[in-house]
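Engineer: 3D, please:
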Amino acid sequence: MKVVFLDRDGVINKYPGDFEYVKSWDEFSFLPGTSGALKQINKKGYKIFIISNQAGVGRGIYSQEALDLITKNMLAELSRDGVEISGVYYCVHRKEENCPCRKPNTGLIDIARSKMKDQGFDVDLKSSFFVGDTMRDIEAGKKSGLKTILVFSGKEKPGNSSSWSEKPDFTAMDLSEAVDKYIK
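Structural biologist: Numbers count the residues shown, from 1 in each chain. Purely as a prediction, here's the structure:
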């Protein structure tokens, strides 16, 4: 089975800025073209999983209930647009907690793969992708054996390439361009 793992902030919705968080549904804003790009991913035969660090919960900046409401509303809006999301997995721990599910670790990807395996599906890593807007995303994708796409619609910018700890397989301005150019 082919899968596209996606970070949330900066890929699906507007990046809130360094040291900022999307704390409520009112602060959540889909990036232009997101729904159409996700529909294309579905049409190309991929399952979609959202894999995101949300340390604001662990820091007490917003509650688990607020995160759950953001997720519920995001999924409902995408579903209305005909997008099928197979799962959403968050790490709510702070970096200092060294949680194995916090990107750049692979715990959330491993959980999604395990749940798919329980349903009788094996992820075809060579045909699957991780799309993110940070080097943490790229590192997690690489460690998992996925093809990686760094998008510039969030935190990372092309001018920083000399300082990247890992080189992504591909880069794109946003999710729409990533889907058009690389996710076949």
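Engineer: all helices of the protein, in order?
Structural biologist: Residue ranges of the helices in the chain, as given by DSSP state H, are 34-43, 55-58, 64-80, 107-118, 135-143, 175-181.
Engineer: As CSV, these with distance to residue 14 would be great.
Structural biologist: Every residue, glycine included, has its C-beta placed from N, CA and C. Shown next, in CSV, are these (distance: least, CB to CB, whole Å):
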stretch, distance to residue 14
helix 34-43, 10
helix 55-58, 15
helix 64-80, 12
helix 107-118, 22
helix 135-143, 17
helix 175-181, 12
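Engineer: just those helices: most buried one?
Structural biologist: When the helices of the chain are scored by mean count of other CB atoms under 10 Å, the highest mean neighbour count falls to helix 135-143 (a mean of 24).
Engineer: Could you tell me how many residues sit around residue 122?
Structural biologist: Applying other CB atoms under 10 Å, we find 9 residues neighbouring residue 122.
Engineer: and it, what is it in contact with?
Structural biologist: By CB atoms under 8 Å, 6 or more residues apart in numbering, the contact list for residue 122 reads 1, 116.
Engineer: so what does the biggest strand by length in the chain touch, helix or strand wise?
Structural biologist: As assigned by DSSP state E, the longest strand anywhere in the chain is strand 47-53. Counting contacts by 3 or more CB pairs under 8 Å, 6 or more residues apart in numbering; DSSP states H and E, strand 47-53 is packed against strand 3-6, helix 34-43, strand 87-91, helix 107-118.
Engineer: May I see the ones you listed organised as a markdown table, with mean pLDDT and distance to residue 126 added?
Structural biologist: Formatted as a markdown table, the helices and strands packed on strand 47-53 follow (pLDDT from 0 to 100; distance: least, CB to CB, whole Å):
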| stretch | mean pLDDT | distance to residue 126 |
| --- | --- | --- |
| strand 3-6 | 98 | 11 |
| helix 34-43 | 98 | 17 |
| strand 87-91 | 98 | 21 |
| helix 107-118 | 95 | 14 |
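Engineer: Residue 178 is nearest to which of the ones you listed?
Structural biologist: Between residue 178 and the helices and strands packed on strand 47-53, the shortest separation by CB to CB is 7.5 Å, and it involves helix 34-43.
Engineer: Quick test: name the residue nearest the centre of the chain.
Structural biologist: Nearest to the geometric centre of the chain sits residue 7, at 1.5 Å (CA atoms, centre = their mean).
Engineer: which residues does the closest residue to that residue other than its chain neighbours contact?
Structural biologist: Nearest residue to residue 7 in three dimensions, chain neighbours excluded: residue 132, at 3.9 Å (CB to CB, 6 or more residues apart in numbering). Contacts for residue 132 (CB under 8 Å, 6+ apart) come out as 6-7, 10-11, 103, 138, 140-141, 148-151.
Engineer: Next, count neighbours for the residue lying closest to residue 177 once chain neighbours are set aside.
Structural biologist: Here the nearest residue to residue 177 in space, its sequence neighbours aside, is residue 151; by CB to CB, 6+ apart that works out to 7.7 Å. Residues near residue 151, counting by other CB under 10 Å, number 27.
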